[in-house]
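[1] sequence and computational prediction follow.
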Amino acid sequence: MEIPSLALIKKELAFLSEKELIELISDLAKFSRDNKAFLYFKLNERDSPSLFVDSVKEELDELFQTANTKNYHLAKKAAQTIRRKLNKALKLSKNKADQADLILYFCEMMKQYGYLKFRHPVISNLFEVQIGKAKKLISALHEDLQSDFSYRIEELE
């Protein structure tokens, strides 16, 4: 089965009534937690723009607190797991400032919880790649935001 293009799907959606659209979106939200989260944040971002960032930070805090960092192997696995959760969350936001904020927060938590003390190449590379992603996102932002984020990057390096 060949999946139609997004343009074709948009054309078909234009012909649906409001009730049919609501039903379709509800069905889509039932398929995965990611769809449900995306829908929730999109519906509520007008009222509370920082809701998405705050909820992801809370989730990251919880993951860092419960992670097992007794040795470098367990710390590496925990950091990779947390990064995967972060990447899933980053897909839900198109706002570059929010994405940069979350990536820098992840890096700050890695430093705070002592992941970098192991000096394991995988952990160090993971940290450096995230810093690189943040720098790339920040370079596309407005100058005022760039200066705000540059202080945080300097503290991490």
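    Looks like it came in fine. If you're wondering where the values come from, they're calculated on a predicted model, not measured in any experiment.
[2] what's the closest non-adjacent residue to residue 138?
    residue 149 (4.6 Å; Cβ to Cβ, 6 or more residues apart in numbering). For every residue, glycine as well, the C-beta is placed using N, CA and C.
[3] repeat that for residue 38.
    With Cβ to Cβ, 6+ apart, the residue lying closest to residue 38 is residue 92, at 5.0 Å.
[4] in three-state terms, label that neighbour for me.
    Under DSSP: H, G, I helix; E, B strand; the rest coil, residue 92 falls in the coil class.
[5] you'd agree it is up against residue 52?
    Yes. Look at residue 92 against residue 52 with Cβ atoms under 8 Å: they come within range, at 6.8 Å.
[6] quick check: closest non-adjacent residue to the residue most central in space within the chain.
    Centroid check for the chain by Cα atoms, centre = their mean gives residue 90 as the closest residue, at 2.5 Å. Leaving aside its chain neighbours, residue 90 sits nearest to residue 99 (5.2 Å; criterion: Cβ to Cβ, 6+ apart).
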